[in-house]
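J.: kindly return the folded structure for what I paste below:
(chains A and B)
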Amino acid sequence: MRPRKLLALALAPLIALPVIFSSAQETLKTDPPIAIRAFTNATIYPVSSPRIVGGTLVVQGDTILAVGPDGQVIIPEGAERIDASGKTIIPGLICTHSHIGQVAGGDSTSPIQPEVRVLDSVDVRDTSIDKARAGGVTTVNLMSGSGHLLSGQTIYLKLRKGNTIDDLSIKLPDGSLAYGVKMANGTNSIRDSGPFPGTRGKSAALVRQKFIDAQAYLEKRNEADPEEPFERDLALETLADILEGKRTVHHHTHRHDDILTVLRLKEEFGFKVILHHVSEAWKVADEIAAAKVPCSIIFLDSPGGKLEARDFEWRNGAELEKRGVLTAFHTDDPINDSRWFLRNAAIGVRAGMSRQKALEALTLSGAKMLDLEESIGSLDVGKQADFVVLSGDPFSIYTRVLETHIEGQQVFDLDDPTDRLFAEGGYGAGHNREASGCCFYR
Amino acid sequence: MFKTLFFFALAAASQAQLAVKADLLFTMTGDLKPIKNAIVLCNANGLIERVGPASDVKIPAGYQTLTAKVVTPGIIDAHATVGLSGILNSPKHDQEQLDKSAPIQPELRAVDAYNGRDPLVKWLRDLGVTTVHTGHAPGTLISGQLMVVKTNVPSITSMKDTLIPTSAIASTLGSGALSKSPGTRSKAIAMLRAEFLKAQSRQRKIEAAKDDPEKDAPDANLKLDTLVDILAKKIPLLINAHRHQDIASALRLREEFGFDLILDGAAEAYLLLAEIKAAKIPVIVHPTMGRPFGDMENMTFTLAAQLHKAGIPFAFQSGYETYVPKTRVVHFEAAMAAAYGLPQEAALAACTINAAKILGLADKIGSLEKGKHADLALFDGDPLETTSHTTGVIIDGKVVSSKSK
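T.: Numbering: from 1, shown residues only, chains lettered A, B, ... in the order given. Down below sits the predicted model:
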């Protein structure tokens, strides 16, 4: 492969080329060789760099090998060529807040349950996961609900085809799983009777006391004799991880005062936090920007549904963008169906966001919030080959998701009848895929 | 008399005559194709005076002129609960769409519950929705009445404030209507049939009394008299049914009692296209972006396209949401159907002229023609594209919104 690389460099135009494709041609020599596929003639949004009209994406195995204009990307010999004329390729969509897969967290025994892992509840065969793939979603932060101050540990998943949760989970370099912690304030976590809080003041006090307990626990853990067995407390251990910055808090919050309560908690305990939903972000956008806290937001087709979402506005995205706040979108599926996650970008643009930032909010910004931007979120050489093939402009309602690929594997194909059933709905779409081979209605 | 004339003159003077210029005008007449570079003139009585290409229509002096890239008739939401299910979702305060104290309550009127000042009515109006068919929600066998009202009406001060004060009676079949009793689908149908048999008997007594001065008409009974009106085809029964067996039950009921049926929701209607077509009934399809759970688990985004192909009349609805979004936007639902195979003009027709036809109002609203109400929605691009904005809304010849949303 050496000579080919030299040739590629020799052919490179004299103008400065973006890094994304200048050194892209170093294919891996393996035995047996890893399949290489090249999508050509496509409109490509790498997201980390400007749109390429007439572009080529080369994928080797699970990795992006090259991205660039047709003709400037050398397609290795033996590569499978796929003509993507008229189609658009964007990075796999990242949903920073989803409830697909029948995910569940804490029960009704207490408002703060950091020991609960949602990974112990997920059904990877649930039809909602097939539907998310049909929407171009490749990575999700699966979370428990907002009916607790802290409802459990979330799980970050790649929506690979898999048999168990292990096949979908994301391993960090130290071998541990990638996840965050779900917290909430405001109306949803306030209940009529104890041990749940009855007011916002009580909500904040309960959370603060728990983190103060965790500070003491962390100190004990740091000072513990490594030779002696340490008595673990599952709940405090999770909070201690948050205090150490190992885990991100994903915090449901709507109203301006509740948003500021989260910012105060962050200030007091110094943890990494992402604000979620943030219906009244436009009211306190300066404060959010000053605190340098990212926002994962949702667009609904109307405000309300509860008092704290009454003042929700579509301009949240634009107001946050204006102030340089890292902003991503989420589906909150089933609140918004994963199959039209793309539509969020169009609503963002309608209400004043730039197209670039709206696309980032579906991809790269989410990757940053999940600390996965080294491997996903944009079409860059060396990143995982997570991408979506669209029928047209990502901002048009008429555009359909044609294919979804995760780490080079196609996980959704609109031309496949079963995949299409989950993409569009129809008789049997309400049942998990496993039923498809057996049942009378197919 | 003089006073009356004076007030009439004042009212007329306060309403400017309007000219609306459009790069692309969807009149929703004929073949539904838009006219390029066209003008709509609206008179002081709130009616459309003239429609045509700019080359043919001169704007008279004194007319206020508005311009837009795309203009359509005011959008019609063929089935909503807006004005009854308020923005705060707060029971006893702004949730008036469903009373569960009895399974069959056709006597509950929408006019007694509608709040035209709820912020969601304005939300829809600013987006271009000028007329809503709103009232009682699905959730019991017969939950109450629906009415048709323009979105600029703040309060129902008289029945004249509505287009139709009782436009349909809302019924639900399927799991959505089941509770302790009716606890099964069979029981639900048995209860409805028993009630309609009572109404039939009452109808016979009323008819007999008409012909025979010796016989007294039965005393008024709000509930049964409303059912008699359904049997007499004065009011259609709008049956919300999603599962194919529930749709079949709705067709059976209609066959037995001969009322005018509007099929509502109809998630699995694609399984019974021939039967629905043969019955010659219209369908108000569930929101395209509705959630695929419960009786709607097998819903498809292609339903509207399939109804269109089958030649079954249909319209779109915002429907009823228990949580969020507290109201949907009917042309957004049409847009999503257009993404799944429904032609653009058919999608627009379904939330304008075809909705008007289903509601029996095609002589007044739904298209831009001389003599019809001057209800218009102005856009800066394809009305179905999410990135387009509504730039103006006109109801009865008055500008009710001129901001870009």
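J.: what is the lengthiest helix in chain A packed up against?
T.: The longest helix of chain A (DSSP state H) is helix A:200-223. If you count contacts as 3 or more Cβ pairs under 8 Å, 6 or more residues apart in numbering or on different chains; DSSP states H and E, helix A:200-223 packs onto helix A:234-243, helix A:256-269. C-beta here means a position set from N, CA and C on the backbone, and glycine is covered the same way.
J.: do I have it right that A:Arg125 meets A:Asn432?
T.: Yes. Counting by Cβ atoms under 8 Å, A:Asn432 is a contact partner of A:Arg125 at 5.0 Å.
J.: count residues in the vicinity of A:Leu227, would you?
T.: I think there's a mix-up here, since residue A:227 is Glu and not Leu. 5 (other Cβ atoms under 10 Å in any protein chain shown).
J.: actually, A:Gly54.
T.: 14.
J.: can you tell if stretch A:147-157 touches chain B?
T.: No. With Cβ under 8 Å from any Cβ of the partner chain as the criterion, chain B is not reached by stretch A:147-157; the gap is at least 13.0 Å.
J.: now name the helix or strand holding the residue in the stretch 51-200 of chain A positioned nearest to chain B.
T.: At 7.9 Å from chain B, A:Lys131 is the closest residue in the stretch 51-200 of chain A, using Cβ to the nearest Cβ. Using DSSP states H and E, A:Lys131 maps to helix A:127-134.
J.: against which helices or strands is that helix packed?
T.: For helix A:127-134, the packing partners by 3+ Cβ pairs under 8 Å, 6+ apart come out as strand A:401-406, strand A:409-413, helix A:417-424.
J.: CA atoms only for that helix, dumped as PDB, please.
T.: Taking Å, rounded to 0.1, in the frame of the first residue of the first chain, the C-alpha atoms of helix A:127-134 are listed here in PDB:
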ATOM      1  CA  THR A 127     -39.300  -2.600  18.300                       C
ATOM      2  CA  SER A 128     -38.500   0.900  19.400                       C
ATOM      3  CA  ILE A 129     -34.800   0.200  18.800                       C
ATOM      4  CA  ASP A 130     -35.500  -0.900  15.300                       C
ATOM      5  CA  LYS A 131     -37.500   2.200  14.700                       C
ATOM      6  CA  ALA A 132     -34.600   4.400  16.000                       C
ATOM      7  CA  ARG A 133     -32.200   2.800  13.600                       C
ATOM      8  CA  ALA A 134     -34.800   3.600  10.800                       C
END
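J.: quick one: which of the helices and strands packed on helix A:200-223 is nearest chain B?
T.: Comparing the helices and strands packed on helix A:200-223 under Cβ to the nearest Cβ, the one sitting nearest is helix A:256-269, at 16.8 Å.
J.: show me what that closest one is packed up against.
T.: Applying 3+ Cβ pairs under 8 Å, 6+ apart, one finds that helix A:256-269 contacts helix A:200-223, strand A:249-253, strand A:273-277, helix A:285-290.
J.: repeat that for 10 Å
T.: strand A:181-184, helix A:200-223, helix A:234-243, strand A:249-253, strand A:273-277, helix A:285-290 (3 or more Cβ pairs under 10 Å, 6 or more residues apart in numbering or on different chains; DSSP states H and E).
J.: let's test this: mean pLDDT of the following helix or strand past the last one, rounded?
T.: Meaning helix A:285-290. Once helix A:285-290 ends, the next helix or strand along the chain (criterion: DSSP H and E) is strand A:295-297. Averaged across strand A:295-297, pLDDT comes to 98.
J.: strand A:295-297 and chain B in contact?
T.: No. Against chain B, strand A:295-297 shows no contacts by Cβ under 10 Å from any Cβ of the partner chain, the least distance being 13.9 Å.
J.: not counting that strand itself, show me its contacts.
T.: A:95-97, A:141, A:250-253, A:259, A:274-279, A:281, A:285, A:288-289, A:312, A:314, A:316-317, A:319-320, A:325-330, A:332, A:344, A:348, A:361, A:365-366, A:369-370 (Cβ atoms under 10 Å, 6 or more residues apart in numbering or on different chains).
J.: and if we set it to 7 Å?
T.: Strand A:295-297 is contacted by residues A:96-97, A:274-278, A:281, A:288, A:316-317, A:320, A:325, A:327-330, A:369 when judged by Cβ atoms under 7 Å, 6 or more residues apart in numbering or on different chains.
J.: same thing with stretch B:81-96?
T.: Under Cβ under 7 Å, 6+ apart, the answer for stretch B:81-96 is A:303-307, A:310, B:97, B:110, B:113-116, B:118-121, B:124, B:132, B:134-135, B:137, B:318, B:320, B:326-327.
J.: and that stretch, C-alpha only, in PDB?
T.: C-alpha atoms of stretch B:81-96 as PDB (Å, rounded to 0.1, in the frame of the first residue of the first chain):
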ATOM      1  CA  THR B  81     -59.700  19.300  21.400                       C
ATOM      2  CA  VAL B  82     -58.000  22.800  21.500                       C
ATOM      3  CA  GLY B  83     -60.000  25.300  23.600                       C
ATOM      4  CA  LEU B  84     -61.200  22.400  25.800                       C
ATOM      5  CA  SER B  85     -57.800  20.800  26.600                       C
ATOM      6  CA  GLY B  86     -55.900  23.800  27.700                       C
ATOM      7  CA  ILE B  87     -52.200  24.600  27.700                       C
ATOM      8  CA  LEU B  88     -51.600  23.900  31.400                       C
ATOM      9  CA  ASN B  89     -53.100  20.400  31.400                       C
ATOM     10  CA  SER B  90     -54.600  21.100  34.800                       C
ATOM     11  CA  PRO B  91     -57.700  19.000  35.700                       C
ATOM     12  CA  LYS B  92     -60.600  21.100  36.900                       C
ATOM     13  CA  HIS B  93     -58.900  24.200  35.600                       C
ATOM     14  CA  ASP B  94     -58.400  23.800  31.900                       C
ATOM     15  CA  GLN B  95     -59.100  20.200  31.000                       C
ATOM     16  CA  GLU B  96     -62.700  20.100  29.800                       C
END
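J.: still on that earlier bit, ranking the helices and strands packed on helix A:127-134 by burial, who's on top?
T.: By mean neighbour count, with neighbours taken as mean count of other Cβ atoms under 10 Å in any protein chain shown, strand A:401-406 ranks first of the helices and strands packed on helix A:127-134 at a mean of 24.
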